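Colleague: quick check, what structure comes out for this input:
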Amino acid sequence: IELTDLEVFSEYDIRVRAFTSRGPGIFTDIIRVRTDPGPASPPTNVQTTPDRRSILLEWGEPERPDGIIEGYYIITNATFPDSISTGVINTNTTVLNVSSDVRSITFDNLIPYTIYEFSVAAYSFQLMDEDNNFAIIIGEFSEVITNRTLEDAPSSPLNFNVVQVTGSSTTLSASWTQPSTLNGILTNYTVYCRISSKQFYSEQIPNSNEFTVFNTASPDTTEVVLTGLEAFTVYECYVTASTNGGESEPSNNDSARTDEDSPTVPRDFIYTKITSTSVTLEWRRPECPNGVISEYVLEYDNESLTQPITISIPVEFIEDSDEYNETNITVEYLNEFTDYTFNLSAVTGGGRGTEATIDITTDEDVPSASPENLTGMFSSATSLLISWFPPPEQDQNGVIMGYNISYFEVDNSDIVTYTSTEETMINITGLMVYTEYNVSVAAYTSIGTGPFDSIIERTDSSVPEAPQNLIYRNLSSTSIEVSWDAPSSFNGPNEGYEVMYIRSETNDSYTIPNISETSVNISGLEKYELYSVQVVALSDKG
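Modeller: Here you go, the predicted structure:
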């Protein structure tokens with residue numbers, strides 16, 4: 001007889017008795033038998049726990065083992081652990097084979113952010129013959145469970161490159177290509193930079209090894225412009241890529257220098273020497289040249305110039321001294337005692353920089369021109385009134401402190417008289433009557449006296465002195481000759497002489513005018529009479 005519909009892998013007690021028409025007989029002894037094992041139901045509670053590069057697979061026993069569970073087969077696309085044996089089922093399917101006491105296994109060396117599939121089945125053995133040959137009974141596989149490893153940091157971005165942006169002193173352009181392995185969803189790129197050489201001056205190269213974040217870019221871009229940089233400065237940079245799993249290792253480093261810009265103001269712009277016509281200026285290079293200084297431009301101006309005067313000062317950098325070969329200049333041919341404004345700026349390939357300014361006044365000097373409009377006139381027979389204007393302002397060369405005056409008789413230059421005044425007029429007294437004088441006037445400053453200007457003026461005339469040595473002699477009983485010598489000075493133009501004679505007895509007077517000689521004959525006199533005779537010299541004043 002065949003018993004059917006029995007439970008798989010279940011023990012049954014079996015006894016047999018016979019039946020006749022008279023009824024059942026006695027049962028045989030009980031024999032205990034077990035049905036063959038069958039395929040187990042799927043393992044329970046199959047679940048996975050992902051990490052970045054591993055997944056933990058866990059499961060429970062099947063609800064229906066239907067045999068003695070000898071182990072478990074695992075079908076997966078994950079990398080098999082080296083310590084676990086494998087097998088082949090269904091001809092083509094490679095499985096992991098773990099013992100029955102194992103309920104979990106960790107799959108390592110997985111690829112981050114990758115989907116893996118898992119299915120688990122229990123298996124048991126079925127004894128086939130007395131030689132202990134057995135068959136493997138594979139249970140039902142669990143439903144395929146999928147899970148994704150967690151994100152990890154991507155590999156480094158490739159082909160990182162930094163280049164100068166022409167015409168911009170504060171920007172660089174950085175570019176790269178996407179990492180070969182993303183290990184997740186890219187969230188951003190981060191560009192790190194540091195200054196490796198601020199300027200080509202040794203004192204301005206900072207000792208800094210710290211990279212800082214200069215830019216964060218979206219994951220769909222592979223090029224950024226780095227802004228807010230310092231001019232003419234070498235930046236060393238790299239880029240990283242990030243996912244939610246972390247930040248990659250840095251890319252290759254690359255360096256570039258920002259373009260030149262106009263320099264800052266030259267430092268310590270001073271004068272070291274001033275004369276009346278020159279000034280020596282000194283300075284130090286700008287704190288931030290922002291490029292290679294090719295020249296300094298010096299402009300100076302004053303109120304009398306229609307436009308500033310510009311001087312170009314080419315320079316060369318001297319590496320040994322970390323300075324430039326020209327940081328001073330002497331400006332000559334300036335005007336005396338004049339206010340000047342000097343503006344100094346440095347020039348690089350980025351343009352002309354901020355100006356340093358200094359105001360100076362050249363020293364005083366002697367005036368370079370004589371007083372203007374020198375005029376004179378007599379103020380009396382013994383004085384002259386002399387007046388003038390100061391020298392032109394541009395020729396005064398300082399503060400006019402006064403005027404030096406010299407004068408002498410034109411006909412006697414051996415005797416020179418000197419005087420001075422702070423005014424622009426002087427009345428020279430104590431002079432000779434009706435005499436020509438050479439009068440010279442010059443302005444003077446604290447440094448000395450300038451050139452003289454001269455005029456010749458004559459004092460006013462006056463009445464002449466008396467004729468000298470008056471004598472007479474009788475020519476006849478009715479005439480006499482009167483003669484005399486010229487006066488010591490006519491004190492004016494010689495207008496001749498006038499003779500007056502008086503008859504003493506009658507007091508009658510007679511005059512002979514307009515006598516040009518120094519003698520005259522008087523006739524028509526009374527015989528043997530006494531006469532008094534007077535002679536006067538005449539000038540334009542009488």
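
Colleague: can you map out the strands along the stretch 1-150 of the chain?
Modeller: Here the stretch 1-150 of the chain has its strands, by DSSP state E, counting those that start in this stretch, at 11-14, 19-20, 23-24, 31-34, 43-50, 55-62, 71-76, 85-89, 93-99, 104-107, 115-127, 134-138, 145-148.

Colleague: only alpha carbons, please: show the fifth one as CSV.
Modeller: The reference is to strand 43-50. Below are the C-alpha coordinates for strand 43-50, written out as CSV (Å, rounded to 0.1, in the frame of the first residue of the first chain):
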residue,chain,number,x,y,z
PRO,A,43,14.3,32.0,4.8
THR,A,44,12.4,34.6,6.8
ASN,A,45,13.3,38.2,7.5
VAL,A,46,15.8,38.6,4.7
GLN,A,47,17.2,42.1,5.0
THR,A,48,20.3,44.1,4.1
THR,A,49,22.2,47.0,5.8
PRO,A,50,24.4,49.0,3.3
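
Colleague: report the buried residues of it.
Modeller: Using 16 or more other C-beta atoms under 10 Å as the test for burial, strand 43-50 gives P43, V46, T48, P50. Every residue, glycine included, has its C-beta placed from N, CA and C.

Colleague: circling back: and the strands of the stretch 1-150 of the chain, which is most packed in?
Modeller: Comparing those by mean neighbour count (mean count of other C-beta atoms under 10 Å), strand 71-76 ranks first with a mean of 22.

Colleague: got the angle for it vs strand 134-138?
Modeller: Strand 71-76 and strand 134-138 meet at an angle of 50 degrees, taking axes from the mean of the first three to the mean of the last three C-alpha atoms, to 10 degrees as the criterion.

Colleague: packing partners for strand 71-76?
Modeller: Here strand 71-76 touches strand 55-62, strand 93-99, strand 115-127, going by 3 or more C-beta pairs under 8 Å, 6 or more residues apart in numbering; DSSP states H and E.

Colleague: and of the ones you listed, who's closest to D13?
Modeller: D13 lies closest to strand 115-127 among these, at 20.5 Å (C-beta to C-beta).

Colleague: where does this structure have low pLDDT?
Modeller: By pLDDT under 70, the low-scoring segments of the chain are 35, 83, 85, 87-93, 129-132, 198-209, 319-325, 542.

Colleague: ok, back up a step: reformat the strands of the stretch 1-150 of the chain as TSV; add distance to Y501.
Modeller: What follows is the strands of the stretch 1-150 of the chain, written out as TSV (distance: least, C-beta to C-beta, whole Å):
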stretch	distance to Y501
strand 11-14	205
strand 19-20	227
strand 23-24	227
strand 31-34	204
strand 43-50	162
strand 55-62	166
strand 71-76	173
strand 85-89	179
strand 93-99	177
strand 104-107	168
strand 115-127	163
strand 134-138	188
strand 145-148	161
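
Colleague: and those strands: which comes nearest N404?
Modeller: When the strands of the stretch 1-150 of the chain are compared by C-beta to C-beta, strand 145-148 sits nearest N404, at 108.9 Å.

Colleague: I'd say Y300 and Y340 touch.
Modeller: Yes - between Y300 and Y340 there is a contact under C-beta atoms under 8 Å: 5.2 Å.

Colleague: how about the contacts made by the residue lying closest to I138 once chain neighbours are set aside?
Modeller: Of all residues not flanking I138 in the chain, Y123 sits nearest, at 4.7 Å (C-beta to C-beta, 6 or more residues apart in numbering). Contacts for Y123 (C-beta atoms under 8 Å, 6 or more residues apart in numbering) come out as A40, I69, E70, G71, Y72, Y73, I136, I137, I138, G139.
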